[in-house]
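Peer 1: with the sequence up front, the predicted model follows.
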There are 2 protein chains.
Amino acid sequence: MEKQLIDHLNQKGRYSQNDFKLLETELKKLSLKKGEIILDEKEVCSSIYFLIQGTALQLYTDDTHNEMIIDLNGPGDWLLNHKSFATRKPSEYIIKVFNDSEVYELSIESIHGLIAKSQSFFQLGKILEESTGRVEFFDHNYTPDQKYQFLMEKRPNLLQLFPQKIIASYLKITPETLSRVRNRFSKR
Amino acid sequence: MEKQLIDHLNQKGRYSQNDFKLLETELKKLSLKKGEIILDEKEVCSSIYFLIQGTALQLYTDDTHNEMIIDLNGPGDWLLNHKSFATRKPSEYIIKVFNDSEVYELSIESIHGLIAKSQSFFQLGKILEESTGRVEFFDHNYTPDQKYQFLMEKRPNLLQLFPQKIIASYLKITPETLSRVRNRFSKR
DNA sequence: GTTCTTTCTTGATTTCGATCAAGTGCTGTT
DNA sequence: AACAGCACTTGATCGAAATCAAGAAAGAAC
């Protein structure tokens, strides 16, 4: 099992050596090519994925065929649609990798099995709930500057991982505006 | 137990007569005066509340002391902070009633007890996940007109239950703009 | 009832980000 | 090296919603 996941779990909770052994047998490592889809629209989210390497985005296509990006992810993030996972109903959005990526897949059945064997795995629920990386610019009515600041503070790695037009789309601003924001920030 | 809750549960899942009996013993009925706080900031959300009568709002105060309304609720809605409830960490926002209200309180201990007695109560998890009434204007960059349309379609009752300045705040638009939107819609 | 307060409406003005447009620079391909 | 294609920058213009301002309407208090 990758050190990355071990560190992540140790940081978020308490797991024994035996827990890691149990977990290891359930993980499936997948290598995905740029653009491959992890969870398609209308599909039920029945696994969670730990992003070891690469990048992923979560998006949907609205009525006017715009791709609306609702989350960006980098190494160490969990990929799943909470709502679909919990309700067993079709996902309203797509999760796909943006670059060639490596992920661990952990199915819902595996999770149930693990919990049956060790109570430690109850902690997974909390991790998932916490780790919606997703910054809520959305609740507020933030200005482009505030949104960018937020990203710099909360998820600076994303700024390195994605081109600006993707960042701009995620922030719901135009690439031109993002360019001007960055220009302003660089002069501070 | 109020018919309202029975109907709600029957509509969302399958419960036996006995389930209802079990549930009834765990419910605590509370009468709240206008403005009373159900879940305060920094408090852990350790109960869920079914709003029988009245109205409630969920909000937080940002750095510049504006009250940011993130959800509005009417009779038949569940009140809770999912994230705080799941992670057992302090809530980032407040839930309070807007008018004199009646609610059923169901504690997390009660829920665990109920699930131990009847598997039916697993369904509660799904209900809660589904019933974030919360419309996501936030993911999109909707215009005032689109936001209002959304509300009319998805949660028309809110328009009757709250004054326009509250609605406007929820939609992140000014009361002036809301007034103009309504004027436009009335002429269609 | 009358007054006081708050909500809502309507109009005029301003402002910020989108759009339109052109140019620069980088990367990969042949 | 030359070119094509794409990402990013920079400037000019436009437009929609915020802000500013005043008045009308609806409630609450007396």
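Peer 2: Nice, I can see it.

Peer 1: from here on, contacts and neighbour counts on C-alpha atoms
Peer 2: Fine.

Peer 1: any idea how far the residue lying closest to residue A:114 once chain neighbours are set aside lies from residue A:102?
Peer 2: Closest residue to residue A:114 apart from its sequence neighbours, by CA to CA, 6 or more residues apart in numbering or on different chains: residue A:121 at 6.4 Å. Distance, residue A:121 to residue A:102, using CA to CA, to the nearest Å: 23 Å.

Peer 1: also residue A:16?
Peer 2: Computed as CA to CA, the residue A:16 to residue A:102 distance reads 25 Å.

Peer 1: looking at those two, which one has more neighbours?
Peer 2: Neighbours per residue, other CA atoms under 10 Å in any protein chain shown: of residue A:16 and residue A:102, the larger number sits with residue A:102, 20 against 11.

Peer 1: ok, that one - contacts?
Peer 2: By CA atoms under 8 Å, 6 or more residues apart in numbering or on different chains, the contact list for residue A:102 reads A:29, A:30, A:31, A:32, A:51, A:52, A:53, A:54.

Peer 1: of those - the most surrounded one?
Peer 2: Most neighbours among the contacts of residue A:102, by other CA under 10 Å: residue A:51, with 24 neighbours.

Peer 1: can you classify that residue by secondary structure?
Peer 2: Counting by DSSP: H, G, I helix; E, B strand; the rest coil, the backbone at residue A:51 sits in strand.

Peer 1: quick check on the closest residue in space to it that isn't next to it in sequence: phi, psi?
Peer 2: Leaving aside its chain neighbours, residue A:51 sits nearest to residue A:103 (4.5 Å; criterion: CA to CA, 6+ apart). For residue A:103, the backbone dihedrals (degrees, to the nearest 10) come out as phi -140, psi 160.

Peer 1: go through the host helix or strand of residue A:180 and flag the buried ones.
Peer 2: Assigned by DSSP states H and E, residue A:180 falls within helix A:175-186. Using 16 or more other CA atoms under 10 Å in any protein chain shown as the test for burial, helix A:175-186 gives A:175, A:178, A:181.

Peer 1: repeat that for stretch A:97-106.
Peer 2: Within stretch A:97-106, the residues scored as buried using 16+ other CA under 10 Å are A:97, A:98, A:99, A:101, A:102, A:103, A:104, A:105, A:106.

Peer 1: can you put these in JSON lines and add pLDDT and secondary structure?
Peer 2: Converted to JSON lines, the buried residues of stretch A:97-106 look like this (pLDDT from 0 to 100; DSSP: H, G, I helix; E, B strand; the rest coil):
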{"residue": "A:97", "pLDDT": "96", "secondary structure": "strand"}
{"residue": "A:98", "pLDDT": "95", "secondary structure": "coil"}
{"residue": "A:99", "pLDDT": "94", "secondary structure": "coil"}
{"residue": "A:101", "pLDDT": "95", "secondary structure": "strand"}
{"residue": "A:102", "pLDDT": "96", "secondary structure": "strand"}
{"residue": "A:103", "pLDDT": "97", "secondary structure": "strand"}
{"residue": "A:104", "pLDDT": "97", "secondary structure": "strand"}
{"residue": "A:105", "pLDDT": "98", "secondary structure": "strand"}
{"residue": "A:106", "pLDDT": "97", "secondary structure": "strand"}
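
Peer 1: just name the closest of those residues to residue A:142, please.
Peer 2: Proximity of the buried residues of stretch A:97-106 to residue A:142 was ranked by CA to CA; the top entry is residue A:98 with 26.5 Å.

Peer 1: distance from the lowest-mean-pLDDT helix or strand in chain A to the middle of the chain?
Peer 2: Counting by mean pLDDT, DSSP states H and E, the weakest-scoring helix or strand in chain A turns out to be helix A:123-130, with a mean of 83. Relative to its chain's centre, helix A:123-130 lies at 13 Å (CA atoms, centre = their mean, to the nearest Å).

Peer 1: which residue is the nearest non-sequential neighbour of the residue of chain A found nearest DNA strand C?
Peer 2: Residue of chain A nearest DNA strand C, by CA to the nearest atom of the strand: residue A:173 (3.4 Å). Nearest in space to residue A:173, with sequence neighbours left out and distances taken as CA to CA, 6+ apart, is residue A:144 at 6.9 Å.

Peer 1: close to DNA strand D: what parts of chain A are there?
Peer 2: Contact residues (CA under 7 Å from any atom of the strand) of chain A with DNA strand D: A:163, A:164, A:165, A:175, A:176, A:177, A:178, A:179, A:180, A:182, A:183.

Peer 1: which residues are in contact with the third one?
Peer 2: Just to be clear, that refers to residue A:165. Listed by CA under 8 Å, 6+ apart, the contact set of residue A:165 reads A:174, A:175.

Peer 1: which positions in chain A make contact with chain B?
Peer 2: A:68, A:70, A:83, A:86-87, A:125-126, A:129-130, A:137-141, A:172 (CA under 8 Å from any CA of the partner chain).

Peer 1: which strands or helices does the least confident helix or strand of chain A pack on?
Peer 2: Where contact means 3 or more CA pairs under 8 Å, 6 or more residues apart in numbering or on different chains; DSSP states H and E, helix A:123-130 is packed against helix B:82-87.

Peer 1: just the CA trace of the helix it packs on, in CSV.
Peer 2: Extracted C-alpha coordinates of helix B:82-87, given in CSV (Å, rounded to 0.1, in the frame of the first residue of the first chain):
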residue,chain,number,x,y,z
HIS,B,82,-25.0,17.1,8.3
LYS,B,83,-21.3,17.7,8.6
SER,B,84,-21.2,18.4,12.3
PHE,B,85,-23.6,15.5,12.9
ALA,B,86,-21.4,13.0,11.0
THR,B,87,-18.0,14.2,12.2
